[in-house]
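Engineer: Structure here, sequence nowhere to be found:
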């Protein structure tokens, strides 16, 4: 799952990123309004943590833009401004939650997880693709009730494929889904090839009918049997 942290205070931003990364989220960040706008224009996120007071613009203005673009990201406002007017304005503009600074990281993590659970009907976060079922909150996957044993990167890739079935994706977008802003940590995009190769092999070994197919010269897509 991919989270965007929009926060200009570097020390707090780094603590939030570290805390969420330990929970196995892919985390990107934006330190100001313009960078945040570029990211929400170019990418999709599961959740956005949004400060109201930003260099170059207001977080509330960013919320208005999200609404205009009909983006589906969940939004938690994190701000030192704890007035009732700001809270109501943010919620009216589409924010899902509001957390006033200072806050405990454990509470932030709990609210992020709770919000992501609520995005799915009746709190069920499972993704069903033919005989393959993913449980993103538990980071597990099963094929006909047999657990598909995956490492962290393989699961992140499978989750990204499962969230975009039948969509053709190149190696760069796949790498960004796994490393986020830290894509330079990958030695090369060839690493994606090896991870996808291992993932395809594991899926086939347990009889998954959904299949990751290579498209020569471009990338891959997850194709369903049904």
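Structural biologist: In hand now; what should we look at? Since this is a predicted model, take the numbers as computed values, not measurements. Numbers count the residues shown, from 1 in each chain.
Engineer: Tell me which stretches of this structure form helices.
Structural biologist: 10-22, 33-42, 59-68, 84-92, 105-118, 152-163, 171-179, 190-205 (DSSP state H).
Engineer: other SSEs contacting the third one?
Structural biologist: With contacts defined as 3 or more Cβ pairs under 8 Å, 6 or more residues apart in numbering; DSSP states H and E, the packing partners of helix 59-68 are helix 33-42, strand 47-50, strand 74-79, helix 84-92. From N, CA and C alone the C-beta is placed, and that goes for glycine too.
Engineer: Mind giving me the packing neighbours of the longest one?
Structural biologist: Using 3+ Cβ pairs under 8 Å, 6+ apart, the elements in contact with helix 33-42 are strand 2-6, strand 26-30, strand 57-58, helix 59-68.
Engineer: Would you mind finding the most buried of those?
Structural biologist: Among those, strand 2-6 has the highest mean neighbour count (mean count of other Cβ atoms under 10 Å), at a mean of 25.
Engineer: Direction included, what does it pair up with?
Structural biologist: According to DSSP bridges, strand 2-6 forms sheet pairs with strand 26-30 (parallel), strand 47-50 (parallel).
Engineer: hang on, the earlier thing: go through the helices and strands packed on helix 59-68 and name the closest to residue 102.
Structural biologist: strand 74-79 (10.2 Å; Cβ to Cβ).
Engineer: What are the contacting residues of the closest one?
Structural biologist: Applying Cβ atoms under 8 Å, 6 or more residues apart in numbering, the contact partners of strand 74-79 are 7, 16, 46-53, 59, 63, 66, 86-87, 90, 94-101, 103, 108, 111-112, 115-116, 119.
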